[in-house]
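# need a 3D model of the following:
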Amino acid sequence: MREREGPAPLGWEGEGAPTAQQINPIALEYPHAICQQGAMTRDVTPEPVRLVIWDLDDTFWDGTLTEGGIAYRRDHHDIVRELARRGIVSAICSKNDLAPARAMLEREGIWDSFVFPSINWQAKGPRLAALVQAMQLRAPTVMFIDDNPMNRAEALHFVPGIQVQDASFIAEILEHPNFRGKDDSDLTRLAQYKTLQRRQADATAARADTADFLRGSNIRVCIDHDLHAQLDRAIELINRTNQLNFTKTRLPEDPEAARAELRALLSEYNVQAGILRVRDNYGDYGYCGLYIVRTGARMHRLLHFAFSCRILDMGVETWLYRQLGRPDLKITGKVAIDIVQDQRNIDWISTEQPGPHGDDGQAITLDYLYARGGCDLHAVAHYFSLTAAAVHKEFNFVRRGTTLRTDHSVFAKYAIAGVSAAAIAAVRPLGYEPEDFNSLVTSLPDTPRAAWLLSFWTDSQQALYQHKKTGIRVPMLLLSQVSRKRDITECDPEFIDNPADAARLTMLRENFTYAGLIEQPEFTENLNLLLDRAPQRTTVFILLASELDRGAADAPPVDCPVNRWVRAATAPRRNVVLLSIDDFIHDISEILTDFHYDRIVYFRVFQAIMRHFA
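Just a heads-up that it's a prediction; the model follows:
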């Protein structure tokens, strides 16, 4: 196909004469962000239609408006209305004078059922290309109906892949399988495209810096973390979006199978998710974005990251990617914008948080969250990354294949009370580094809109090993051994498959002795050192380990000494709030392992903390 010149004016609703790049102002600065139109050959099965573009003369009505004596087609009028109720919108591309054509459609009460009306005397091909781009749709999901074969050929030339038909096809539309749509009796999709139309018209009229226009649009994003209420919409975003689907990992086409697979994914303890609703001064774009991320000591990776093209060029994708801490993302196929390389300073998006609000009606936000703990707090802290100005994390992590439990309370003691250089040197062969003996607790500000979130589940499960010369005590894990309460120095390095584990085990056997689980006096000392560092106005939340018995219903509760020690040590402290994970488990199916729970359990913990500040 030869390269075409810029699109001719659209002239919808009498608004100026925008070109395609003026319709999509960010394309001037980011030309790679324009949605690509895929070619479609005639032997390819046509896709379900999302947009019908109507010619007017001798198509929508009989006769020619400029020559007088037209016969208005009420049956076509009713088809436009019915398509809208199915979520299929209608637009206009006609060679006519705008004023009389609009007056006719307004008189019949159908004008507001069309979006992006392009009514002028310019060539239709460039206008169709600009219209499809403005609506941010893929060409194969668009049908153009025109009685003139030359106009249909021009449409195929300028918009490869578009479906075209003559006026005789109109009678088949409502019974055709590609026009089934889905129930949209509230005309939500029509309203969303009306919103997009107004927004793009203002962007064109402004002729100003794109960022200034976006700042004036008052874009608000609400992230709903409970996806179960929007499960079908989440599936639609995963399976149907393309230009802004960054992973393109699809779910099964069978609806029940897709729901089952997505529910199973969302139940995992190290998977966090949210579905985005976007609004601005022009209206509500509905649920139009989704992320699902796997978090933990070993990874921070996006599994799904998909958005509707109707929010293209708002910067929502890049903004969210940054809010999530730039997780690992393997981009698959072509996408409309490179969020990794996008250098824009996106300062025009604000968040509308669901959940607790203050007396002033404003959503509760925090100045910062300080989280120190294990896998449980990885999950809870994720939600604060979208509601707090800063999130400070001190979790267990993996270095060179070794899981290091720096969330154990002994490391809080070392950071606050200090530890000798000789002691640090003694544990370096086990995988620890000098920076592991530092902590943010020595420098966090004092503010009433801040929270500390602590857990000590590691202390109740992870054995300590004491260096024979310096006396330093640290936990030690071997990936190839069950090494919590068990003394792993009793293992023979020759039977360890992992060479790195074998070397660490040899070092451990030669230079350390098994000290077992921490005891109450030492734990209480460590806890008090840590709590004494908490700013006076900051609330400290401690998440207690589970004491539920997962066996017989009449079995006694599980005894967790560390929980008892925490309760005793914190009783006099007015700024400490104890949270039991058991209070957030609503069904035994939400217990995945001894220390891992369904994603929704951690979300409930987050909600409880936010309610405290309300």
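# where does pLDDT dip in the protein?
Applying pLDDT under 70 to the chain picks out residues 1-45, 204-209, 297-298, 353-363, 479-485, 550-558.
# partners of the longest strand seen in it in the sheet?
Secondary structure of the chain per DSSP state E: the longest strand is strand 283-295. Here strand 283-295 is paired, per DSSP bridges, with strand 271-280 (antiparallel), strand 300-307 (antiparallel).
# count the neighbours of residue 431 for me.
20 (other C-beta atoms under 10 Å). Glycine gets a C-beta too; all of them are placed from N, C-alpha and C.
# got the CA coordinates for whichever strand or helix holds residue 259 in PDB?
Per DSSP states H and E, residue 259 falls inside helix 255-266. Output of helix 255-266 as PDB, limited to C-alpha atoms (Å, rounded to 0.1, in the frame of the first residue of the first chain):
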ATOM      1  CA  PRO A 255     -16.100 -19.100  30.200                       C
ATOM      2  CA  GLU A 256     -16.300 -21.500  33.100                       C
ATOM      3  CA  ALA A 257     -12.800 -22.800  32.500                       C
ATOM      4  CA  ALA A 258     -11.500 -19.200  32.400                       C
ATOM      5  CA  ARG A 259     -13.200 -18.300  35.600                       C
ATOM      6  CA  ALA A 260     -11.900 -21.400  37.300                       C
ATOM      7  CA  GLU A 261      -8.300 -20.800  36.200                       C
ATOM      8  CA  LEU A 262      -8.400 -17.100  37.200                       C
ATOM      9  CA  ARG A 263      -9.900 -17.900  40.600                       C
ATOM     10  CA  ALA A 264      -7.200 -20.400  41.200                       C
ATOM     11  CA  LEU A 265      -4.500 -17.900  40.300                       C
ATOM     12  CA  LEU A 266      -6.000 -15.200  42.500                       C
END
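# thinking residue 567 is in contact with residue 576, fair?
No - assessed by C-beta atoms under 8 Å, residue 567 is found out of contact with residue 576, at 10.1 Å.
# so between these two, which is more surrounded?
More crowded of residue 567 and residue 576, by other C-beta under 10 Å: residue 576, with 19 against 12.
# which residues touch the more buried one?
531, 539-542, 570 (C-beta atoms under 8 Å, 6 or more residues apart in numbering).
# which phi and psi does it have?
When read as degrees, to the nearest 10, the backbone of residue 576 gives phi -110, psi 130.
# any idea what it is bridged to?
Judged by DSSP bridges, the bridge partners of residue 576 are residue 540.
# from residue 410, how far off is it?
Going from residue 576 to residue 410 by C-beta to C-beta, to the nearest Å gives 20 Å.
# and residue 219, what is it in contact with?
Counting by C-beta under 8 Å, 6+ apart, residue 219 has contacts 278-280, 314-316, 348-350.
# one more: residue 47?
Contacts of residue 47 by C-beta under 8 Å, 6+ apart are 138, 140-141, 178.
# so which of those residues is the closest to residue 223?
Using C-beta to C-beta, residue 138 is the member of the contacts of residue 47 that lies nearest residue 223, at 26.6 Å.
# ok, and for the top helix by length along the chain, which residues are buried?
The residue-count maximum for a helix in the chain (DSSP state H) belongs to helix 188-206. Under the neighbour-count criterion of 16 or more other C-beta atoms under 10 Å, helix 188-206 has 189-197, 199-201, 203-204 buried.
# before we move on, what about stretch 441-457?
441, 444, 450-457.
# relative orientation of the helix holding residue 259 and strand 300-307 in degrees?
In terms of direction (axes from the mean of the first three to the mean of the last three C-alpha atoms, to 10 degrees), helix 255-266 departs from strand 300-307 by 140 degrees.
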